[in-house]
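Chemist: everything below, folded, please.
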Amino acid sequence: MTELGFQSTLNLPYESALEKVTDALKAEGFGILTSIDVKETMKKKLDVDFRKYTILGACNPPLAHKALTARPDVGLLLPCNVIVYEEGDTTVVNIIDPMSMTNFIQDPALEAVADEARQRLKRVSEAIQK
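Modeler: Numbers count the residues shown, from 1 in each chain. Coordinates of the predicted model:
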């Protein structure tokens, strides 16, 4: 299976891991545009119980501007998703690798932007493991 992102397993409670990843994203210039509580949504829409699971839509405005200027339809791949979910006594954080998304587009104008985003998100992944 192809890796889509940077995965970390943290020995932290879910809420603490969610706060830690949000802070690490902010430190790299990413804001949270969307936050989807999958557990709540599954309960509300399907009346099923699900683990604690959040999908964060992270955006670095200067990088998004560069990408959208180069190619407006790249908005289909934005924002950068980060998932945080409970796995037993640990919490898993998986951050999209923007370079994996460039495989869909294969546009040289986007490669530099995706590479910069990748470097920043990789640093987020490394920071949350400390």
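
Chemist: from now on I want contacts and neighbour counts done on CA atoms only, so please keep to that.
Modeler: Noted.

Chemist: now do the helix or strand of the chain with the lowest mean pLDDT: everything it contacts.
Modeler: The helix or strand of the chain with the poorest confidence is helix 98-105; it has a mean of 81 (mean pLDDT, DSSP states H and E). Contacting residues not belonging to helix 98-105 are listed as 4-5, 77, 80, 110-111, 114-115, 117-118 [Cα atoms under 8 Å, 6 or more residues apart in numbering].

Chemist: what does stretch 123-130 give?
Modeler: With Cα under 8 Å, 6+ apart as the criterion, stretch 123-130 contacts 6-8, 10, 20-21, 24-25, 28, 95.

Chemist: repeat that with 10 Å
Modeler: With contact meaning Cα atoms under 10 Å, 6 or more residues apart in numbering, stretch 123-130 is reached by 5-11, 17-18, 20-28, 30, 93-95, 117-121.

Chemist: now the buried members of the residues you listed.
Modeler: Burial of these was assessed by neighbour count (16 or more other Cα atoms under 10 Å); the buried members are 5-10, 17-18, 20-26, 28, 30, 93-95, 117-118, 120-121.

Chemist: which residues in this structure form strands?
Modeler: Along the chain, counting by DSSP state E, strands occupy 5-10, 31-37, 53-59, 80-87, 90-96.

Chemist: determine the set of other helices and strands touching the first one.
Modeler: Think strand 5-10. helix 14-27, strand 80-87, strand 90-96, helix 98-105, helix 108-128 (3 or more Cα pairs under 10 Å, 6 or more residues apart in numbering; DSSP states H and E).

Chemist: now do the residue of the chain most remote from its centre, the pLDDT please.
Modeler: Relative to the centre of the chain, and counting by Cα atoms, centre = their mean, the farthest-placed residue is Asp47 at 26.5 Å. Reading off the confidence values, Asp47 has pLDDT 98.
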